[in-house]
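Undergrad: Build the 3D model from these lines:
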Amino acid sequence: MADTNFPDEWLARSLEGVLSPELLVELRTKAQPGQTLWEALVAQKVVNDDQILTALSTRFRLKLADVKDVDPGIKEKVPEQLARRYHVLPLRITDSFLEVATANPFDLDAEKTLAFATAREIRMQLLAPSKINEKLDELYRPEKALDKVFQQMEGSTDLVQVVEDKGPDEIAVSEEQASQRPIVRLVDLIISEAILARSSDIHIEPEEGGVAVRYRIDGVLRQQMKIPRQAGLPLISRIKIMSSLDIADRLRPQDGRARVAVNGQPIDLRVSTLPAALGEKVVIRILDSRATVKTLDSLGLSPDEVERIGRLLENHEGILLVTGPTGSGKTTTLYSCINQIKSEGVNIVTVEDPVEYRIQGIVQVQVQEKAGLTFASALRSILRQDPNVVLVGEIRDRETAQIAVQASLTGHLVLSTLHTNDAANAVTRLVDIGVEAYKIAAALRGVVAQRLMRKLCLTCKEVWMEAPPDRLKRWIPKGTPLYRAAGCPDCAMTGYRGRFSIMEVLTITPEVERRIAGGEPAEQIATAARRGGMKSLWDSGLAHVLRGESTVDELMRVVDVPQEDEVEAAPAPAGRRPSSGMPASRGTPAPPPGTFAAPPAASPAEPLAAHFDLLEEPPRARASGPHGELAVKVLLVDDEDSLRKVMRDLLERDGYNVSEARDGVQALDQIDRVGPDIIVLDLNLPGLDGYGVLSHLRSRPATASIPVIVLTAKGDEDNEVRVFELGADDFLTKPFRARALSARLEAVLGRRR
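TA: Numbers count the residues shown, from 1 in each chain. Next comes the predicted model:
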């Protein structure tokens with residue numbers, strides 16, 4: 001083939017240090033018709049896209065394009081034919097200018113034609129040719145982008161929607177609204193892949209630049225894919241049609257259910273929609289109706305816990321409650337209890353929403369609120385059926401609670417669930433609902449609070465060579481082998497596979513009964529229960545860690561370190577209020593005023609000076625928060641451990657109560673568990689970045705008002721404007737001086753007050 005010049009021959013002069021004349025001649029000889037020099041260099045692996053972009057940006061001072069900011073409506077202003085002809089990606093358009101991404105910023109013909117066609121000034125930014133092609137398909141041909149998603153997913157499963165018989169009064173949904181084959185196929189693949197991956201939930205969340213699909217596996221969310229935003233609305237509409245929801249109503253939360261079959265196995269889906277700032281969020285709970293009911297022994301409990309629950313089940317009347325947050329395995333534990341007491345001579349009736357497990361030999365009632373069959377009405381009718389044991393899926397309101405208590409006082413054993421943090425607070429919750437304390441004391445037989453911890457993968461778990469944190473040493477005997485999660489293909493590189501239960505079993509002793517009847521607070525009830533032999537959730541989980549079944553990190557993710565034990569183990573130095581989440585430095589007095597305690601030595605590859613100026617003298621330590629009140633809770637979110645350590649030491653000396661998170665997912669979990677007063681958020685985080693965390697916070701009513709200070713090395717104007725548009729309260733760039741962070745915290749908190 002004869003040598004030919006490339007259309008972007010100018011690029012050769014910009015890469016003189018990398019591209020020799022001999023190599024250029026060779027590339028011309030091997031070039032395919034119509035191929036550019038950029039594409040040839042990448043194809044021959046001489047350089048990659050990032051290296052070329054860096055060289056061009058540095059030499060010509062051109063801005064690199066951010067494809068996350070593409071305006072979907074811009075395709076109406078810039079025709080597809082024009083964009084593909086000149087190989088440019090339209091980014092943003094205003095009344096005066098058009099921003100485009102291009103791999104050839106010196107194409108004057110393209111600049112003049114675009115300026116004439118749009119009647120605007122053209123501003124060019126740099127982007128790799130392969131990225132331009134990909135984003136052009138997403139913008140103008142979303143069906144092609146979906147094809148790429150399909151290629152990344154396995155399509156070997158067979159998912160069939162099971163259509164149940166509908167009454168004559170129900171309106172049939174038009175099939176034309178869900179007839180697009182790519183969308184139908186995408187929904188089928190998402191659900192079937194989630195089921196095969198052992199997911200308990202599917203989260204479909206609109207966010208900046210697309211729609212994220214995340215699976216909850218072993219209690220932890222993992223982002224599986226991100227589909228183009230243009231496919232988000234049809235995707236959600238398809239799911240709503242499957243679950244018989246109103247696809248036209250996008251302003252109100254809706255709940256529905258559907259049934260599908262994966263490889264012939266029937267699966268029930270419980271669907272919930274929630275209007276959010278960027279569109280509807282959909283959560284699909286996966287319920288395997290044919291799942292085997294487990295025994296108490298198979299839940300991973302210790303022999304002592306099995307024995308204590310067994311003694312509670314020997315009661316013939318009274319209430320037994322299982323408490324914990326959503327997804328903590330309460331229903332599984334209840335069914336395990338039912339399985340243990342089930343016999344031919346016992347009449348067991350359940351009322352549930354939905355019926356998650358189907359068991360032979362018991363009567364199971366499905367709540368139908370639209371038909372008037374609520375928990376309370378069903379329970380009232382069940383009591384006329386002469387049951388020995390009644391299982392109520394959840395006590396949600398006063399009427400249900402009072403009927404359950406009355407049933408337990410008249411010779412029935414009632415099992416149910418509540419949403420509380422621990423066992424003792426179940427009493428407080430029942431009082432809040434409206435049940436009298438003396439009735440609770442007479443009816444309650446026991447409370448089981450539980451959580452689920454991830455089990456170490458047996459294939460890849462490794463001995464943990466590091467010493468545990470100082471605040472944990474009192475619970476871990478010296479010389480006890482601990483393990484850490486390594487990661488392998490068997491566990492999807494997470495280091496964990498499967499879960500087990502940890503429990504806090506509160507048995508009603510005479511002392512506990514007196515305290516409940518007297519209306520004493522939960523702390524006093526818990527103290528009396530511990531004297532009666534109750535072990536805390538921390539103790540239960542710690543026993544599994546010491547047996548090598550899980551890790552210290554997993555225990556601390558699920559359960560808070562006991563605060564009372566921390567204070568007893570390490571009394572705070574005089575003049576300083578101990579933080580609630582972290583003890584004072586053990587055995588080390590607070591540094592005198594005017595000095596700065598040296599942080600741990602940073603690795604040479606990542607000097608702290610690159611991010612934090614340690615030359616500034618810190619302010620005098622305070623005995624309380626920055627405004628003379630109780631210590632303010634600060635959550636530090638940054639993936640650099642050394643920088644986070646320095647910031648924590650600085651803020652704790654100023655009297656703040658500091659918690660930490662190293663990535664976006666962990667940050668959201670900490671926010672729900674700790675309830676911080678203010679958040680210091682880095683943008684560049686692994687997995688879910690700072691933009692995503694900020695969007696989540698501002699879209700949830702419970703966290704929308706928490707002030708956020710964004711901390712980033714990206715100090716450009718566009719980035720600053722973007723974080724303020726997402727709802728940030730302040731913007732601090734790295735590097736910064738030591739006192740700047742405290743000053744910003746005080747300023748933001750002062751404005752909020």
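
Undergrad: all contacts plus neighbour counts: C-alpha atoms, from now on.
TA: Will do.

Undergrad: Enumerate every residue touching Val306.
TA: Contacts for Val306 (Cα atoms under 8 Å, 6 or more residues apart in numbering) come out as 296-297.

Undergrad: where does it sit relative to Ile502, distance-wise?
TA: Distance from Val306 to Ile502, counting by Cα to Cα, to the nearest Å: 11 Å.

Undergrad: repeat for Asn48
TA: Taking Cα to Cα, one finds Asn48 at 50 Å from Ile502.

Undergrad: now stretch 390-399: mean pLDDT?
TA: For stretch 390-399, the mean pLDDT works out to 88.

Undergrad: So for that stretch, what gets flagged as buried?
TA: The neighbour-count check on stretch 390-399 (16 or more other Cα atoms under 10 Å) flags 390-395, 398 as buried.

Undergrad: Next: stretch 65-77.
TA: Buried residues in stretch 65-77, counting neighbours by 16+ other Cα under 10 Å, are found at 65, 67, 70, 72, 74-75.

Undergrad: and if you look at stretch 19-29?
TA: Applying 16+ other Cα under 10 Å to stretch 19-29 flags 19, 24, 27-28 as buried.

Undergrad: Please apply the same query to stretch 680-688.
TA: 680-685, 688.

Undergrad: do stretch 181-191 as well
TA: For stretch 181-191, using 16+ other Cα under 10 Å, the buried residues are 182-183, 186-191.

Undergrad: same deal with stretch 36-53?
TA: 36-41, 47, 49, 52-53.

Undergrad: So which of the buried residues of stretch 19-29 belong to strands?
TA: Applying DSSP state E to the buried residues of stretch 19-29, no entry is found in strands.

Undergrad: Mind checking which of the buried residues of stretch 390-399 land in strands?
TA: Per DSSP E, those map to strands at 390-392.

Undergrad: quick one, strands of the stretch 651-753 of the chain?
TA: 657-661, 678-682, 708-712, 730-733, 736-737 (DSSP state E, counting those that start in this stretch).

Undergrad: Please apply the same query to the stretch 151-300 of the chain.
TA: Under the criterion DSSP E, counting those that start in this stretch, strands of the stretch 151-300 of the chain are mapped to 159-161, 199-207, 210-217, 220-227, 254-262, 265-276, 279-287.

Undergrad: Tell me who's in contact with the closest residue to Leu62 other than its chain neighbours.
TA: Sequence neighbours aside, Gln125 is the residue nearest to Leu62 in space, at 6.3 Å (criterion: Cα to Cα, 6 or more residues apart in numbering). Shown here is Gln125, whose contacts under the criterion Cα under 8 Å, 6+ apart are 62-65, 99-102, 105.

Undergrad: Any chance of TSV for the residues you listed, columns secondary structure and distance to Ala276?
TA: Below are these laid out as TSV (DSSP: H, G, I helix; E, B strand; the rest coil; distance: Cα to Cα, whole Å):
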residue	secondary structure	distance to Ala276
Leu62	coil	36
Lys63	coil	33
Leu64	strand	31
Ala65	coil	28
Glu99	strand	29
Val100	strand	30
Ala101	strand	30
Thr102	strand	34
Pro105	coil	39
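
Undergrad: Buried subset of the residues you listed, written for ChimeraX?
TA: Those of these that count as buried under 16+ other Cα under 10 Å are selected in ChimeraX with:
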select :63,64,65,99,100,101,102,105
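
Undergrad: Any chance of a markdown table for the buried residues of stretch 181-191, columns distance to Leu745 and pLDDT?
TA: Output for the buried residues of stretch 181-191, formatted as a markdown table (distance: Cα to Cα, whole Å; pLDDT from 0 to 100):
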| residue | distance to Leu745 | pLDDT |
| --- | --- | --- |
| Pro182 | 49 | 79 |
| Ile183 | 46 | 79 |
| Leu186 | 45 | 85 |
| Val187 | 45 | 88 |
| Asp188 | 47 | 87 |
| Leu189 | 46 | 88 |
| Ile190 | 43 | 90 |
| Ile191 | 44 | 90 |
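
Undergrad: Of these, just say which sits nearest to Asp641.
TA: Ile190 (35.3 Å; Cα to Cα).

Undergrad: In the one helix or strand Leu555 maps to, which residues are buried?
TA: Element membership of Leu555, judged by DSSP states H and E, is helix 552-558. For helix 552-558, the neighbour count (16+ other Cα under 10 Å) marks 552, 554-555, 558 as buried.

Undergrad: Low-confidence stretches in the stretch 201-350 of the chain?
TA: Applying pLDDT under 70 to the stretch 201-350 of the chain flags the ranges 289-293.

Undergrad: give me that answer again for 80
TA: The model of the stretch 201-350 of the chain has pLDDT under 80 over residues 208-209, 229-233, 263-265, 288-295, 297, 344.

Undergrad: residues in contact with stretch 672-691?
TA: With Cα under 8 Å, 6+ apart as the criterion, stretch 672-691 contacts 223, 632-639, 659, 662-665, 706-712, 723, 726, 745, 749.

Undergrad: In helices, which of these appear?
TA: 664-665, 723, 745, 749 (DSSP state H).

Undergrad: Show me which pair in the residues you listed is furthest apart.
TA: Most distant of those, by Cα to Cα, are Val665 and Leu749, 24.8 Å apart.

Undergrad: In space, what's closest to Leu444 - neighbours in sequence excluded?
TA: Ile319 (4.8 Å).
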